[in-house]
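1. Show me how the following folds:
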Amino acid sequence: MFGSSRITGREVLVGVAGAAILVTAAAAVARYRRTTREMTSTSATLRNELLRTPSLQPDVMEILTDDGATLHVQAYGPQGGEPIVLSHGWACSCEYWYPQVNALAGEYRVITYDQRGHGRSTAGSLAFSPGVLGDDLSAVLKATVPNASVNGHKKAVIVGHSMGGMSVMAWAGRHPDQVNRYASAVLLASTACDRLIADTTVLPLPNRFPRVPVPVGRALLSSPVPLVSSPATTRALQYAAMSPNASRDEVQFCEKIVRDCDPRIRGNWGAALSGLDIHEALENLSVPTTVLVGSGDRLTPPVHSRRLARMLDEAGNLERLVVLPGVGHMSSVENIDEFDREIVHLRNL
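-> Okay, here's the model as predicted:
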């Protein structure tokens, strides 16, 4: 397993400076034991099958925003199925959600979209900000969950991973009237509402520097340096975003998605999120909300999720806090089974 060797601070800086801690978004896959009717059984399939391009053909939609951006949307599964809307993280794309599409789209309407500037979505003219992420999610929900206010069970479970979770929180902050209209429940996975730089543990710094200095963190987040395919980059990406137990196929799946992101887009979004503080938006998440994190997450360590869970609990909207042992930042891929079970749990509330 190529993630088991010791990683030096220099190797991590070489790989992560190019990635700009960008691996807050890439994806990783694990083991499957599916027994419920809502999930694809893997008893007769290879463990990596859920990483493949879905055999289902998506319905494709292009949403034009007020500032001229085009948001690329893909919807899989039965048109009358209960909707699950998936919002990916930094430097990723719709492809990040292939494991969930493959596992869930036979039963549900699984909706994915490329965040602004990512994948096939264009950047538009607005400056990048959390508010823009929230407005984009609002546009996606209006276009894909149009009957939510009429038929309650057609409301969506909205799932956000990393920057996607920030999108969900920003949406609730800017559009509180839409939360109960469009959402039946929310899953905030491997994400944070503030202190992104202050609480990261991605770099193995000396004891006298227990946290990444803020100026260094901002420089890494905003770096537009292209990611060059190399063993050092692969090791650094796995160290930062995934667990040591992630398989070669899982790491390669994530690495390809992250490397495909335009470095300028990655850097501009990193700069926009470096001073993130949207904690007040949690008061508006007035539907059952699960917070999920891997115990080995270095990019958004469990301290973030515990803080989110505490604030949601105080507001009376916490469904539960789920900590996946030994899982890194890419929780939706490193432990697909448990991640999907939580989606189905929320869908069945």
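2. so how far is Leu346 from Val73?
-> Shown here: Val73 relative to Leu346, a distance of 21 Å by C-beta to C-beta, to the nearest Å. The C-beta positions use only the backbone N, C-alpha and C, and glycine is treated the same way.
3. So Thr53 lies in a strand, does it not?
-> No - going by DSSP: H, G, I helix; E, B strand; the rest coil, the assignment for Thr53 is coil, not a strand.
4. can you tell me which residues contact it?
-> Counting by C-beta atoms under 8 Å, 6 or more residues apart in numbering, Thr53 touches Tyr98.
5. confidence score at it?
-> For Thr53, the pLDDT comes out at 96.
6. now do Thr191
-> The model's pLDDT for Thr191 equals 98.
7. do Gly152 as well
-> The model reports Gly152 with a pLDDT of 53.
8. Check Val212 too.
-> Per-residue pLDDT puts Val212 at 56.
9. same question, the one 5 residues further on
-> Among the per-residue scores, Gly217 holds a pLDDT of 56.
10. would you put the C-alpha positions of stretch 273-288 in CSV?
-> In CSV, the C-alpha atoms belonging to stretch 273-288 read as follows (Å, rounded to 0.1, in the frame of the first residue of the first chain):
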residue,chain,number,x,y,z
LEU,A,273,-12.6,30.3,1.3
SER,A,274,-9.5,31.0,3.3
GLY,A,275,-11.3,33.4,5.6
LEU,A,276,-14.6,31.4,5.7
ASP,A,277,-17.0,32.2,8.5
ILE,A,278,-20.6,31.1,7.9
HIS,A,279,-21.4,29.7,11.3
GLU,A,280,-24.5,31.9,11.7
ALA,A,281,-26.1,30.1,8.8
LEU,A,282,-26.4,26.9,10.9
GLU,A,283,-29.4,28.5,12.7
ASN,A,284,-31.3,28.3,9.5
LEU,A,285,-30.8,24.6,8.8
SER,A,286,-34.2,23.9,10.3
VAL,A,287,-34.4,20.3,9.0
PRO,A,288,-32.8,17.1,10.4
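11. which residues touch it?
-> With C-beta under 8 Å, 6+ apart, stretch 273-288 has contacts from 90, 130, 163, 166, 168-170, 172-174, 176, 179-180, 183-186, 192-194, 196-197, 217-218, 221-222, 308, 311-312, 315, 317, 319, 346, 349.
12. and what of stretch 301-316?
-> Against stretch 301-316 from outside (C-beta under 8 Å, 6+ apart): 188, 190-193, 195, 199-201, 279, 282-283, 285-286, 289, 291-295, 318, 321, 323.
13. Let's see that with 6 Å instead.
-> Stretch 301-316 has contacts (C-beta atoms under 6 Å, 6 or more residues apart in numbering) with 192, 199, 201, 282-283, 289, 291, 293, 318, 321.
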